[in-house]
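>>> here's a sequence, model it:
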Amino acid sequence: MATIRDIADRVGVSPTTVSRVLNYDASLSVSEEKRRQIIETAQDLDYATPRMRARKKQMTGAGKSARISLLHTLDATEELADPYFITIRHSIEKHLSQADLRIDHRCNQLDDLPKDFPKKSDAILVVGPHGQKTIDTLVTMGAPLVCVDFPPDKADVDCVFPDLEQATANLLDALWQRGFRKYGFIGALSGEENPRRPYPDLRSRTFMQWFKARGLEAPANVRFERPTPMSGFELARQLLDTDDRPEIIIAANDTMAIGALQAASSLDLRVPEDVRIVGFNDIPAAGLISPSLTTVAIPAEDIGHVAVDLLLERLSGRSFSKKVTLGTQIRWRESC
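Residues are numbered from 1 along each chain as shown. Okay, the predicted model is just below:
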């Protein structure tokens with residue numbers, strides 16, 4: 001781990017100057033350029049103050065005996081079809097391992113948690129959207145709890161999630177500016193305790209609200225199923241095999257979007273000449289298939305990392321809740 005002297009030697013100043021800059025000493029007389037060099041060098045060398053090092057040591061030592069359970073919205077077979085969730089889980093496992101912890105039990109039903117859950121040392125990561133009854137039940141159990149990739153409707157629960165509402169609005173703004181007017185949406189039902197509710201996914205709700213907020217007629221071409229390539233294929237065919245097909249189909253995730261690409265091909269429609277297709281997540285295959293897939297990139301690796309940080313903080317004694325929202329980016333590729 002870098003020291004203040006390492007930074008001082010690299011920048012060509014005294015260790016005292018480095019210390020005062022990193023402690024934001026406003027009385028220090030130093031040029032802005034030199035101040036910038038010191039801060040950037042500290043970041044490059046991964047410098048941490050003694051307080052930060054002590055905090056990290058406390059966190060990585062917290063919960064050495066903790067038994068971690070993972071409640072996943074997908075079963076193992078469904079997860080294999082969605083690399084996005086695989087990336088999140090691998091990130092969780094990697095960062096738990098760095099803290100000498102591991103997932104001791106994985107399930108996708110509340111009833112499948114260990115029979116003696118929770119013990120005093122237990123903690124749980126809930127991955128993917130789960131219904132409010134599930135979250136309420138877990139909260140009453142009293143074990144440290146972190147919701148991963150979705151915000152629960154409960155103020156005192158830790159969570160990390162992408163800003164899908166803003167991401168969807170940004171995508172629609174960009175597509176509208178490019179002149180597209182006829183839209184379709186294929187979304188997911190997963191994670192809801194009442195799958196009959198209209199527009200169960202936040203992306204689909206934002207999609208409908210975006211048109212309403214602008215006084216526009218909301219598209220009728222909205223369909224839902226489980227988030228798999230096959231459902232993407234079937235739902236997209238429903239939208240495309242008509243005389244009044246949409247100009248562009250937005251899919252709730254990349255696996256459904258890949259199914260939509262296959263549906264267009266099965267109908268001899270060219271992408272992007274006859275129809276454009278956009279997904280969410282930016283899984284590795286998105287940039288490799290032909291045509292390459294335009295998608296909203298969500299930082300899955302960072303979601304897993306932040307989830308573990310939140311859990312370690314809880315295990316080390318943090319009593320107040322944290323909600324971490326991560327931004328997204330549009331990756332423009334051949335499909336749009």
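>>> which residue ranges of the chain form helices?
Here the chain has its helices, by DSSP state H, at 4-11, 15-22, 32-44, 50-61, 76-80, 83-98, 132-141, 164-177, 202-213, 229-240, 254-266, 300-315.
>>> now the last one: average pLDDT?
Model confidence over helix 300-315 averages 95 on the pLDDT scale.
>>> what do you get for the second one?
In this model, helix 15-22 carries a mean pLDDT of 88.
>>> just the shortest one next, same as before
Confidence over helix 76-80, taken as the mean pLDDT, stands at 79.
>>> check which helices and strands that helix sits against.
helix 83-98 (3 or more Cβ pairs under 8 Å, 6 or more residues apart in numbering; DSSP states H and E). For every residue, glycine as well, the C-beta is placed using N, CA and C.
>>> just the residues contacting the helix it packs on, thanks.
Residues outside helix 83-98 that contact it (Cβ atoms under 8 Å, 6 or more residues apart in numbering): 60, 68, 70, 72, 74, 79-80, 102-103, 125, 127-128, 148-149, 253-255, 281, 283-285, 298, 300-305, 307-309.
>>> now the buried members of those residues.
68, 70, 72, 74, 79, 125, 127-128, 148-149, 253-255, 281, 283, 298, 300, 303-305, 307-309 (16 or more other Cβ atoms under 10 Å).
>>> who's in contact with Leu45?
Leu45 touches Ala2, Asp6, Ile7, Arg10, counting by Cβ under 8 Å, 6+ apart.
>>> filter the residues you listed to the buried ones?
Buried members of the contacts of Leu45, counted by 16+ other Cβ under 10 Å: Asp6, Ile7, Arg10.
>>> low-confidence bits of the stretch 51-200 of the chain, can you list those?
Low-confidence segments of the stretch 51-200 of the chain (pLDDT under 70): 51-64, 189-200.
>>> before we move on, back to that, got the contacts of Leu45 as a markdown table, with distance to Glu247 and pLDDT columns?
Shown next, in a markdown table, are those (distance: Cβ to Cβ, whole Å; pLDDT from 0 to 100):
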| residue | distance to Glu247 | pLDDT |
| --- | --- | --- |
| Ala2 | 53 | 77 |
| Asp6 | 56 | 89 |
| Ile7 | 54 | 91 |
| Arg10 | 54 | 90 |
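>>> assess the claim that Pro151 and Asp163 are in contact.
No. Between Pro151 and Asp163 there is no contact under Cβ atoms under 8 Å: 9.7 Å.
>>> can you read off the pLDDT for the closest residue in space to Glu165 that isn't next to it in sequence?
Leaving aside its chain neighbours, Glu165 sits nearest to Thr206 (4.9 Å; criterion: Cβ to Cβ, 6 or more residues apart in numbering). For Thr206, the pLDDT comes out at 91.
>>> burial measure for Thr206, as a count.
Neighbours of Thr206 under the rule other Cβ atoms under 10 Å: 19.
>>> just Ala220 next, same as before
That count, for Ala220 with other Cβ under 10 Å as the rule, works out to 9.
>>> check Leu326 too.
16.
>>> now it: how far from Val148?
Distance of Leu326 to Val148, computed by Cβ to Cβ, to the nearest Å: 11 Å.
>>> can you pull the buried residues of stretch 210-218?
Trp210.
>>> ok now that stretch, how far from the chain's centre?
Centre-to-centre, stretch 210-218 and its host chain are 27 Å apart (Cα atoms, centre = their mean, to the nearest Å).
>>> same check, this time on stretch 78-91
11 Å.
>>> report the buried residues of that stretch.
Glu78, Glu79, Asp82, Pro83, Tyr84, Phe85, Thr87, Ile88, Arg89, Ser91.
>>> measure Glu247 to Pro152 for me?
According to Cβ to Cβ, Glu247 and Pro152 sit 36 Å apart.
>>> neighbour count: the two, which is higher?
Taking other Cβ under 10 Å, Glu247 and Pro152 do not tie; Pro152 has more neighbours (23 against 16).
>>> doesn't Gln132 make contact with the more buried one?
Yes. The criterion here is Cβ under 8 Å, and Pro152 meets it with Gln132 at 7.3 Å.
>>> and the gap between Asp153 and Ile135?
8 Å.
>>> okay, those two: which has more neighbours?
Neighbour tally, Asp153 and Ile135, criterion other Cβ under 10 Å: the higher count belongs to Ile135, 21 against 10.
>>> list the residues that contact the more buried one.
Per Cβ under 8 Å, 6+ apart, neighbours of Ile135: Val126, Cys147, Pro152, Asp153, Lys154, Val157.
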